[in-house]
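Chemist: take this sequence and fold it.
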Amino acid sequence: MDENQGYVIRQSVLFDNGRGIALGEHPREGFVTWQFTEEQGRRDYYWGHYYDDGVAAEKDYADRAADYQRRFGVREVKRPIAQQMREAAEQDGENIVIEEFVQGDTLDFLLKEALFSPQETKQTIKQLCQGLWVLHSMAAVHRDIKPENVILRGSDAVLIDFDAARLHKPQAEADTQILGTTGFAAPEQYGLGQSDTRTDIYSLGVLMNVLLTGQHPSKRLAEGRLGRVIQRCTQVNPAKRYKDVMYLMEALS
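Modeler: Reported below is the predicted structural model:
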């Protein structure tokens, strides 16, 4: 569970501009509500309101969140649209993970029937961006985004299979293990550097192009504005890609 200055974060709401409101509890000092910013896996808290009474703190938390959303016209970023782990264990040196069964069809299966429209593509990618924003806020990177690893559950895109996921380590120069799927993996996943949150942006760009054209962008780039978005996502140099998935969501709006 997240902590700040000895306060355990009991509740928090994140908005699509990278800011949010949090409610914290301290074992001796009482309660606090904060505003915060999140960027590249780091959360900075400020403007604390301190309380002895938990009921008053919860009311302030709800009021601050509602007021911020109303004043700035932002939307709440939902919890990750991602497969959940039910249980994890170790046996004979091997890790065993029991994951949620996700009912639906993979994008790979659906693409055998027809390509996605631009509107369907934008909706799917924006949903994945919402889930990845929360994953990235924990300094984690999926590293294997592809049609086989996204299931449409009703109208929701669900990201599955976290076998290749890792934590981003700012001090490292390269990944210790090369993982990912050829065609969807970013150049840095092949030992050219360390993968970070922009690695997933590269894969989202390739996925977007495949949904629209059925092909890798190096073979056939989607036309128009979405094609330009894909080009930026799939730059070889990570610094030339979108800074984070929220910038990508904004480009798709």
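
Chemist: tell me the confidence at residue 87?
Modeler: Residue 87 is assigned 51 on the pLDDT scale.

Chemist: after the helix or strand of the chain with the lowest mean pLDDT, which helix or strand is next?
Modeler: For the chain, counting by mean pLDDT, DSSP states H and E, strand 166-167 ranks last in confidence among helices and strands (a mean of 44). For strand 166-167, the succeeding helix or strand toward the C-terminus, using DSSP states H and E, is helix 197-213.

Chemist: so which elements touch that next one?
Modeler: In this structure, helix 197-213 packs against helix 107-111, helix 118-137, strand 140-141, helix 224-233, helix 245-252, with contacts taken as 3 or more Cβ pairs under 8 Å, 6 or more residues apart in numbering; DSSP states H and E. The way it works is simple: take the backbone N, C-alpha and C, and place the C-beta from them, glycine included.

Chemist: what sits against residue 220?
Modeler: Contact analysis of residue 220 by Cβ atoms under 8 Å, 6 or more residues apart in numbering lists 209, 213.

Chemist: neighbouring contacts of stretch 244-252?
Modeler: Identification of contacts with stretch 244-252 by Cβ under 8 Å, 6+ apart yields 16-18, 39-40, 122, 125-126, 129-130, 132-133, 136, 197-198, 200-201, 204, 229, 232-233, 242.

Chemist: what's the domain layout of the chain?
Modeler: Per automatic domain parsing, the structural domains of the chain span 3-72, 103-252.

Chemist: let's have those in TSV, adding distance to residue 92.
Modeler: Putting the domains of the chain into TSV (distance: least, Cβ to Cβ, whole Å) gives the following:
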stretch	distance to residue 92
domain 3-72	33
domain 103-252	19
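
Chemist: ranking those domains by burial, who's on top?
Modeler: Highest mean neighbour count of those: domain 103-252, a mean of 18 (counted as mean count of other Cβ atoms under 10 Å).

Chemist: start to end distance for it?
Modeler: 27 Å (Cα to Cα, to the nearest Å).

Chemist: that one: how far from the chain's middle?
Modeler: Remark: domain 103-252 is offset 10 Å from the chain centroid, using Cα atoms, centre = their mean, to the nearest Å.

Chemist: how near is the most centrally placed residue in the chain to residue 8?
Modeler: Centroid-nearest residue in the chain, with Cα atoms, centre = their mean: residue 132, separated by 0.9 Å. Residue 132 sits 25 Å away from residue 8 when distances are taken as Cβ to Cβ, to the nearest Å.

Chemist: try residue 204
Modeler: Residue 204 is 33 Å from residue 8, by Cβ to Cβ.

Chemist: brilliant, that's me finished.
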